[in-house]
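S.K.: Just to be clear, the model below is a prediction. Sequence and coordinates:
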Amino acid sequence: MPRYYFYVHDGDGRDQDHVGTELADIHEARRGVVNVARELCDLPIRALNDMSIEVADETGHIVLTVPFSVVMK
């Protein structure tokens, strides 16, 4: 099963995911990243509009970017 890495961008930099998560495919990775973004939107964080989560594959290539603005309530 492929491993995907989730990187949270906050406008100033990005938090590295050094462990990754094994997921069946990019579609499962997208569902996972949307869920993570929704959970983070519930936290009292400023400037959510400037934040996004990138998903990288095992080779380090960014395969998906989800801006928080897509999932904000």
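M.R.: Good, I have the coordinates. Just so it is clear, the structure is predicted and the values come from calculations on it, not from any experiment.

S.K.: So in that sheet, which strands flank the helix or strand bottoming out on mean pLDDT in the chain, and in what orientation?
M.R.: In the chain, the helix or strand scored least confidently by mean pLDDT, DSSP states H and E is strand 14-15, which has a mean of 78. Strand 14-15 pairs in its sheet with strand 3-9 (antiparallel), by DSSP bridges.

S.K.: can you dump the C-alpha coordinates of the partner strand into PDB?
M.R.: Provided in PDB are the C-alpha atoms of strand 3-9 (Å, rounded to 0.1, in the frame of the first residue of the first chain):
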ATOM      1  CA  ARG A   3       2.500   5.900   1.800                       C
ATOM      2  CA  TYR A   4       1.300   9.500   1.700                       C
ATOM      3  CA  TYR A   5       2.800  12.500   3.600                       C
ATOM      4  CA  PHE A   6       0.600  15.400   4.800                       C
ATOM      5  CA  TYR A   7       2.300  18.800   5.000                       C
ATOM      6  CA  VAL A   8       0.400  21.700   6.700                       C
ATOM      7  CA  HIS A   9       1.200  25.100   5.300                       C
END
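
S.K.: Just the residues contacting that strand, thanks.
M.R.: 14-18, 20-23, 26, 29, 32-33, 36, 40, 51-58, 60, 63 (Cβ atoms under 8 Å, 6 or more residues apart in numbering). For glycine as for every other residue, the C-beta is placed from the backbone atoms N, C-alpha and C.

S.K.: same deal with stretch 64-73?
M.R.: Residues outside stretch 64-73 that contact it (Cβ under 8 Å, 6+ apart) are 26, 29-30, 33-34, 37-38, 40-41, 48-49, 51-55.

S.K.: How about the contacts made by the residue lying closest to residue 57 once chain neighbours are set aside?
M.R.: In space, and not counting its chain neighbours, residue 57 is closest to residue 63: 5.1 Å by Cβ to Cβ, 6 or more residues apart in numbering. Residue 63 makes contact with 4, 26, 29, 55-57, according to Cβ under 8 Å, 6+ apart.

S.K.: what about residue 63, which SS state?
M.R.: Under the three-state scheme (DSSP: H, G, I helix; E, B strand; the rest coil), residue 63 adopts strand.

S.K.: Low-confidence stretches in this protein?
M.R.: 42-49, 72-73 (pLDDT under 70).
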